[in-house]
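K.L.:
prediction below, plus the sequence it came from.
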Amino acid sequence: MIDSRQHYNEHPSQLIGDSPELTRVVWASRITAASDVTVLIQGESGSGKELFARAIHNDSQRNEQPMVTVNCAAIPENLAESMLFGHLKGSFTSAIADQQGYVQSADKGTLFLDEVGELSLPVQAKLLRFLESSECEKVGSTVTEKVDVRVIAATNRDLRAEIKKGNFREDLFYRLHVVPLEIPPLRERISDLKALLEHFTQTLALQYQVAAPDYSKAAIKALKEYHWPGNVRELRNLCERMTILLAGQTVDVDNLPVEIKTARQGGKNTLVSLPENGLSLEKLEIELIQQALEKTSGNRTRAARLLGLTRDTLLYRLKKYSLT
């Protein structure tokens with residue numbers, strides 16, 4: 001079993017751990033880095049998608065060239081094409097000078113399109129053309145440019161569901177989905193929590209020049225019982241708070257945020273309480289499946305994990321209950 005810290009040491013924080021869930025993705029990303037294949041990284045917010053993209057770039061033959069990161073969710077729709085592919089002076093009102101886009105800035109390097117599912121359909125069409133030909137045109141130009149870029153995209157959306165809704169192009173999805181990497185959320189690799197906790201605490205204590213706090217066994221147990229909707233990013237924020245407020249002290253359960261203490265108290269209760277007049281197992285199963293799909297924004301693979309099922313079993317039950 002590998003330790004991802006040994007390989008991805010530039011940004012170790014979210015890649016620390018030796019859980020099977022993390023190790024599988026690390027190995028896949030290491031193999032992927034050796035080629036120029038397009039990668040689609042999927043995972044919840046805060047799970048480490050950008051760090052994996054950075055690790056792939058750093059381990060590739062393009063590592064001496066730039067990696068340009070684009071937050072697609074932050075690009076104004078009316079400026080998206082210009083910001084991605086550049087524009088010529090006078091091509092629109094505020095175009096006061098020629099400007100190259102993110103694509104040209106990443107020439108010979110890596111273009112990381114974070115939250116690619118947020119791009120509008122017209123811009124998706126332009127992106128698809130570029131991916132198929134490696135050619136693009138600046139806004140206001142008729143000259144085609146050839147750009148050598150390796151594309152890595154990421155999303156926390158279920159793009160297959162977005163295709164069905166008409167929000168994402170199916171042809172673009174398959175062009176991006178050459179090598180898919182599914183980043184596990186923290187709750188699915190909870191055995192890595194202690195190592196992450198120690199890393200964040202020591203790093204932040206050094207940053208703030210204070211004595212690092214330690215954590216009681218009860219506190220660590222409570223942290224492991226928590227669901228971590230914000231994933232590793234949420235854990236880091238907690239460590240920063242504890243390092244500042246409780247420097248050099250022992251963090252116990254009483255010092256933890258209320259949402260973590262509440263979750264721990266809830267864990268002592270029975271998972272399902274059978275009503276006196278009974279219940280319908282079929283209705284209960286349907287409701288749990290619907291809740292899992294809602295929590296994962298329709299991602300069936302992650303929903304299956306939440307329910308302790310294989311994806312095929314979940315698909316069978318979706319068909320059985322006409323939930324597709």
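P.N.:
Structure's in. What do you need? Numbers count the residues shown, from 1 in each chain.
K.L.:
from residue 28, how far out is residue 147?
P.N.:
Residue 147 sits at a distance of 27 Å from residue 28 (criterion: Cβ to Cβ, to the nearest Å). Where C-beta positions appear, they are placed from N, C-alpha and C, glycine not excepted.
K.L.:
do residue 93 as well
P.N.:
Computed with Cβ to Cβ, the distance linking residue 93 and residue 28 is 46 Å.
K.L.:
of these two, give the one with the bigger neighbour count.
P.N.:
Relative neighbour count places residue 28 above the other of residue 93 and residue 28, with 17 against 6, counting by other Cβ atoms under 10 Å.
K.L.:
the more buried one - that's part of a strand, no?
P.N.:
No. The secondary structure assignment for residue 28 gives helix rather than a strand, going by DSSP: H, G, I helix; E, B strand; the rest coil.
K.L.:
so it sits against residue 181, correct?
P.N.:
Yes. Under the criterion of Cβ atoms under 8 Å, residue 28 lies in contact with residue 181, with a separation of 5.9 Å.
K.L.:
residue boundaries of the helices in the stretch 101-250 of the chain?
P.N.:
102-105, 121-133, 159-165, 170-176, 193-208, 217-225, 231-245 (DSSP state H, counting those that start in this stretch).
K.L.:
just so I know, which of these lies nearest residue 318?
P.N.:
Between residue 318 and these, the shortest gap by Cβ to Cβ is with helix 159-165, which sits at 12.4 Å.
K.L.:
residue 152 and residue 79, how far apart?
P.N.:
The gap separating residue 152 from residue 79 is 22 Å, by Cβ to Cβ.
K.L.:
more neighbours: these two, which one.
P.N.:
Using other Cβ under 10 Å as the criterion, residue 152 and residue 79 rank with residue 152 on top: 30 against 13.
K.L.:
let me see the contact set for that one.
P.N.:
Taking Cβ atoms under 8 Å, 6 or more residues apart in numbering as the contact definition, residue 152 lies against 38-39, 41, 53, 56-57, 110-113.
K.L.:
which of those residues tops the neighbour count?
P.N.:
residue 41 (29 neighbours).
K.L.:
what's the closest non-adjacent residue to that residue?
P.N.:
In space, and not counting its chain neighbours, residue 41 is closest to residue 154: 4.2 Å by Cβ to Cβ, 6 or more residues apart in numbering.
K.L.:
report how many residues lie close to the one you found.
P.N.:
Count around residue 154 with other Cβ under 10 Å applied: 25.
K.L.:
count of neighbours near the residue lying closest to residue 311 once chain neighbours are set aside?
P.N.:
Closest residue to residue 311 in three dimensions, ignoring its sequence neighbours and counting by Cβ to Cβ, 6+ apart: residue 304, at 4.7 Å. By the measure other Cβ under 10 Å, the count of residues near residue 304 is 21.
K.L.:
then the one 3 residues further on?
P.N.:
Using other Cβ under 10 Å, residue 307 has 17 other residues around it.
K.L.:
same check on residue 35?
P.N.:
Residues within reach of residue 35, counting by other Cβ under 10 Å, total 13.
K.L.:
the strands in the stretch 51-200 of the chain, which residues?
P.N.:
Secondary structure of the stretch 51-200 of the chain (DSSP state E, counting those that start in this stretch): strands located at 67-71, 110-114, 135-136, 145-146, 150-155, 179-182.
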